[in-house]
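Student: Fold the stuff below for me.
(4 chains)
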Number of protein chains: 2
Amino acid sequence: MGSNLELVKLVYGSGRIRDERKGEHMRWRDLEKEPCSVARTLSIIGDRWTLLILRDCFMGVRRFEQFESNLGMTRHVLADRLKKLTSAEVLVKTPYGTAPVRQEYRLTEKGFDLYPVIMSIVHWGDTHMADERGAPVIHHHKTCGHHMHGELVCSECGEKLEARQVSVDLGPGFQDAV
Amino acid sequence: MGSNLELVKLVYGSGRIRDERKGEHMRWRDLEKEPCSVARTLSIIGDRWTLLILRDCFMGVRRFEQFESNLGMTRHVLADRLKKLTSAEVLVKTPYGTAPVRQEYRLTEKGFDLYPVIMSIVHWGDTHMADERGAPVIHHHKTCGHHMHGELVCSECGEKLEARQVSVDLGPGFQDAV
DNA sequence: TTTCATTAGTTCTATTTTAGAACTTGGATG
DNA sequence: CATCCAAGTTCTAAAATAGAACTAATGAAA
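Tutor: Residues are numbered from 1 along each chain as shown, chains lettered A, B, ... in the order given. Sure thing, here's the model as predicted:
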């Protein structure tokens, strides 16, 4: 994305949602209706706890009490987030075991697709938020056997993606206001 | 990351910070002290507005009024987030122009390094949150000339990264409680 | 068979964040 | 000299989160 200011105004600043209500600021629940994939995705994962819950999911955490004790968040909010992630089909809630029946939350394929988001966040943290000693956790790629990190490349040419080398255009899913 | 539950408890559930205050839940400002790169990164970008501000930055938005009108957020919170991003060195605030002198906020290199996070979020939104018509915005790679999306690969072997093919270990920057 | 423990929640009040709107400040502009 | 604009700050109201206690269903222990 270079400097695409006209497009920015057209797409993101189109203010469709706000205009309908005249003068009001955007509210969180309106985000999913914006013509922007960042806004739409953040309407699901863009709060203070959801990505930490998903981090735990990718580490194999599945049960309510486990999330609660690992994350240190209030049960109240945890229950709410699990419900939202379930209704967004990022997690599935399944009863398992017999006598006593317990509940578990597992990633769906849609949830698994968030892996690049988590891994990109991890790599930024390893690079910019670690102390002199280095990353708190290291990742091992079973396929090739090496320690590694996630790297973002162009889906077409495979080169490492740099923001300055990418420009944006209106896509088929954009629809102008009025 | 397969099923690494012992590690999860050790690293994320170590509860270092909470234990110091006995029984209290984790608060947001404590996140940066957790021995986890996800938590540390989210202490900077993990609120309801910051990633949308950064989306605009990557699109070339630089000035206060422009952020405000594109994002539709309150000036109050915008001022606060720009201040936090500046003190985290994700953005730099520079006066520019003469008579009148205006302020602009630009991405630092540290800020540019968040590009993979944004692009991973965009791709997930394009895949799972778009309607039948498709993505609202398409990306064009100047280097190779193709429409593309960001793809996360292993830094060592270049293969597409799958969560199930990655395991985690303690890294040098992890330090156990007590 | 009463008591206790566990899991997966819900309900309550208090505090913190965010929304919405108006006000301020330091130049330009007419 | 009055008005405009960019970049904020300040105020009250509403929403979200923290912190703690309570509930309901089951199973095990005394």
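
Student: from here on, contacts and neighbour counts on C-alpha atoms
Tutor: Fine.

Student: Which residue is the nearest non-sequential neighbour of the residue nearest the centre of chain A?
Tutor: Nearest residue to the geometric centre of chain A (Cα atoms, centre = their mean): residue A:45, 4.8 Å. In this structure, residue A:45 finds its nearest non-sequential neighbour in residue A:51, 6.1 Å apart by Cα to Cα, 6 or more residues apart in numbering or on different chains.

Student: Quick check: which element contains the one you found?
Tutor: If you go by DSSP states H and E, residue A:51 is part of helix A:50-58.

Student: Distance from the chain centre to that helix, please.
Tutor: Computed by Cα atoms, centre = their mean, to the nearest Å, the chain-centroid distance of helix A:50-58 equals 10 Å.

Student: That helix vs DNA strand C: in contact?
Tutor: No: shown here: helix A:50-58 not in contact with DNA strand C (Cα under 7 Å from any atom of the strand), separated by at least 13.6 Å.

Student: Which positions in chain A make contact with DNA strand C?
Tutor: A:23-28, A:63-66, A:75-76, A:79-80, A:102-104.

Student: I'd like to know which of those residues are part of strands.
Tutor: A:102-104 (DSSP state E).

Student: Buried ones among the residues you listed?
Tutor: residue A:104 (16 or more other Cα atoms under 10 Å in any protein chain shown).

Student: Between the ones in strands among the residues of chain A next to DNA strand C, which sits nearest DNA strand D?
Tutor: Set against DNA strand D, the nearest of these by Cα to the nearest atom of the strand is residue A:102 (9.4 Å).

Student: all strands of chain A, in order?
Tutor: Counting by DSSP E, the strands of chain A are A:91-96, A:102-107, A:137-141, A:147-148, A:150-154, A:166-170.

Student: And the residue nearest to residue A:45, how far from residue A:119?
Tutor: 11 Å (Cα to Cα, to the nearest Å).

Student: So for the closest residue to DNA strand C within chain A, what pLDDT did the model give?
Tutor: Minimum separation of chain A from DNA strand C (Cα to the nearest atom of the strand) falls at residue A:25, amounting to 3.2 Å. Note for residue A:25: predicted pLDDT of 70.

Student: okay, and for chain A, where does confidence drop off?
Tutor: Residue ranges of chain A with pLDDT under 70: A:1-3, A:9, A:12-24, A:176-178.

Student: Quick one: the helices in it, in order.
Tutor: Secondary structure of chain A, counting by DSSP state H: helices at A:5-11, A:16-21, A:37-45, A:50-58, A:64-71, A:75-87, A:109-112, A:115-128.

Student: is the longest one up against chain B anywhere?
Tutor: Yes: Helix A:115-128 is in contact with chain B by Cα under 8 Å from any Cα of the partner chain, via A:115-118, A:120-126, A:128.

Student: Contacts for that helix next, please.
Tutor: A:51, A:55, A:58, A:134-136, A:149-151, B:37-38, B:40-41, B:110, B:113-114, B:116-117, B:120-121, B:151-152, B:161-163 (Cα atoms under 8 Å, 6 or more residues apart in numbering or on different chains).

Student: Fine by me, we can end here.
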